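**Q** sequence? don't have it. structure:
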């Protein structure tokens, strides 16, 4: 009787398990998604600034106040300085209307935030309205700055 050669089922399962462990430990090194996460973070802040500016503008219109007077929100707890009907870019303006605790605010103008200290160019910056009735402008960095 001839003896068959080959791998047993146990050996095949062990090889598959070892390959699975190696793949699970090596995968994070090859698929770094932190750049995409920073881009998403900056896009979220851009959307938050746009929404906050629109809501502050709406509050000012509802209150019937001067386009350059401050708007009070959050049951009177937060005051947003306004310029031409939209939040101003200086301190007390747009950054008072959005939550910036997860962002780095030290490198840009008084109205800009970066994703983090290590990627200062990965940022969004608010530009206040130039004349009464025109919407605000928001610029954000290129995706290459976030990787």
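**A** Noted; the coordinates are in hand. Just so it is clear, the model here is predicted, and its values are computed rather than measured.
**Q** all strands of this structure, in order?
**A** 71-73, 78-80, 82-83, 86-87, 112-116, 119-127, 137-140 (DSSP state E).
**Q** run through the protein and note the low-pLDDT ranges.
**A** Scanning the chain for pLDDT under 70 picks out 1, 75, 107-109.
**Q** wait, what's in contact with the residue nearest the centre of it?
**A** Central residue of the chain (CA atoms, centre = their mean): residue 41, 2.3 Å from the mean position. By CB atoms under 8 Å, 6 or more residues apart in numbering, residue 41 lies in contact with 102, 103, 115. For glycine as for every other residue, the C-beta is placed from the backbone atoms N, C-alpha and C.
**Q** let's go with 7 Å and repeat that
**A** Shown in contact with residue 41 (CB atoms under 7 Å, 6 or more residues apart in numbering): residue 115.
**Q** cool, residue 146 as well?
**A** Contact analysis of residue 146 by CB under 7 Å, 6+ apart lists 35, 38, 39, 42, 115, 119, 122.
**Q** tell me the buried residues in the biggest helix by length in the chain?
**A** Counting residues, the longest helix in the chain under DSSP state H turns out to be helix 34-63. Buried residues in helix 34-63, counted by 16 or more other CB atoms under 10 Å: 35, 38-39, 41-42, 45-46, 48-50, 52-53, 56-57, 59-60.
**Q** and the angle for that helix with strand 119-127?
**A** Helix 34-63 runs at 20 degrees relative to strand 119-127, counting by axes from the mean of the first three to the mean of the last three CA atoms, to 10 degrees.
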